[in-house]
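> no letters, just coordinates:
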């Protein structure tokens, strides 16, 4: 049985949901999850349900990752997100490293010098990468550019439960639009506010942000008349009441929430970023006004249903558990084969 050690410092919903999905889609593998908590004094390793946590100063983490991987007898280390990706590859020699960036750090809005520095770090670390397991087609393209096609790259798609697919057939008196996720700079609540205000200049709508986050962003949303739900155990009940989902993130790998919305029969309007691909499950729009224009076209029931049906079909075709499992197995087996 192939044994995999997943390593991450990013313990937010997105990365951990992806890891849980990877474990679920490949139950024939022996999965371990190591979460890094950067504190001043390392503590002993504790494990629960296959998830281990260590506290480590960053200078000590690479050695600990290597030690734990060898102690558990892991064939592959799968590093998730930037910090764990860099620390795991510093731990070389170790089991072969599969790396999923979940959106590169240099894709954030920052000064060009910072972006160049992070690009250089990723390029240097690519030499110690057995294989990139990109979470989206656009991320796969960036991986190839970083390593100049010298490292294998596989796109590992998200997996959406096909049993939950349906298309909403109601005709609401007031259309509700929503965004879901942590209120933070990455998700860009200000952009969502701009979309909502642009739509409200033309129609009465209900708007909701599903999630919570920083106080300043929450106050911004609430001041614009957007309801903020706070953190929920599940977003299913809220999503059932949504007519159009607008994803406002300023940078991202490939978010799970818009896929879940599309799979549930909610039409998705996706903020398109420079160089980002067109997704079959969503309608892309670059500016807040462009997004608002698309939302208004979906006030027409037939247009909304057509967009929902396209989204459902796209998710059914491309984002299945079997597709994810096939890609993961190819990644892990390829990484091991490349080391031998």
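That came through fine. Small disclaimer: the values here were computed from a predicted structure and weren't measured. Residues are numbered from 1 along each chain as shown.
> quick one: low-confidence parts of this protein?
Residues of the chain meeting the criterion pLDDT under 70: 11-13, 38-60, 92-93, 109-110, 162-170, 274-277, 339-340.
> do you know how far the residue nearest to the spatial centre of it is from residue 247?
Centrality entry for the chain: nearest residue to the mean C-alpha point is residue 255, 3.9 Å, by Cα atoms, centre = their mean. For residue 255, the distance to residue 247 equals 6 Å [Cβ to Cβ, to the nearest Å]. In this view, the C-beta of every residue, glycine as well, is placed from N, C-alpha and C.
> residue 246 belongs to a helix, doesn't it?
No - under DSSP: H, G, I helix; E, B strand; the rest coil, residue 246 sits outside any helix and is assigned strand.
> show me the beta-bridge partners of it.
Beta-bridge pairing for residue 246 (DSSP bridges): residue 269.
> close enough to count as contact, it and residue 176?
No - counting by Cβ atoms under 8 Å, residue 176 is not a contact partner of residue 246; they are 10.9 Å apart.
> quick one: which of these two has more around it?
residue 246 (29 against 17; other Cβ atoms under 10 Å).
> mind listing what the more buried one touches?
Residue 246 makes contacts with 177-179, 192, 195, 268-269, 271, 291, 295, as judged by Cβ atoms under 8 Å, 6 or more residues apart in numbering.
> how far away is it from residue 22?
Computed as Cβ to Cβ, the residue 246 to residue 22 distance reads 28 Å.
> quick one: the helices in the stretch 151-300 of the chain, in order.
Secondary structure of the stretch 151-300 of the chain (DSSP state H, counting those that start in this stretch): helices located at 189-200, 215-223, 236-239, 256-263, 288-297.
> what packs against the last one?
Under the contact criterion of 3 or more Cβ pairs under 8 Å, 6 or more residues apart in numbering; DSSP states H and E, the helices and strands touching helix 288-297 comprise helix 189-200, strand 244-247, strand 268-271, strand 282-285.
> report the buried residues of that helix.
288, 290-296 (16 or more other Cβ atoms under 10 Å).
> contact partners for the residue nearest to the centre of the chain?
Listed by Cβ under 8 Å, 6+ apart, the contact partners of residue 255 are 14, 181, 247, 249.
> and which of those residues is nearest to residue 150?
When these are compared for distance to residue 150 (Cβ to Cβ), residue 14 wins out at 28.5 Å.
> buried sites along stretch 1-16?
2-11, 14-16.
> list the residues that contact residue 220.
Going by Cβ under 8 Å, 6+ apart, residue 220 touches 189-190, 193.
> rerun at 6 Å
residue 189 (Cβ atoms under 6 Å, 6 or more residues apart in numbering).
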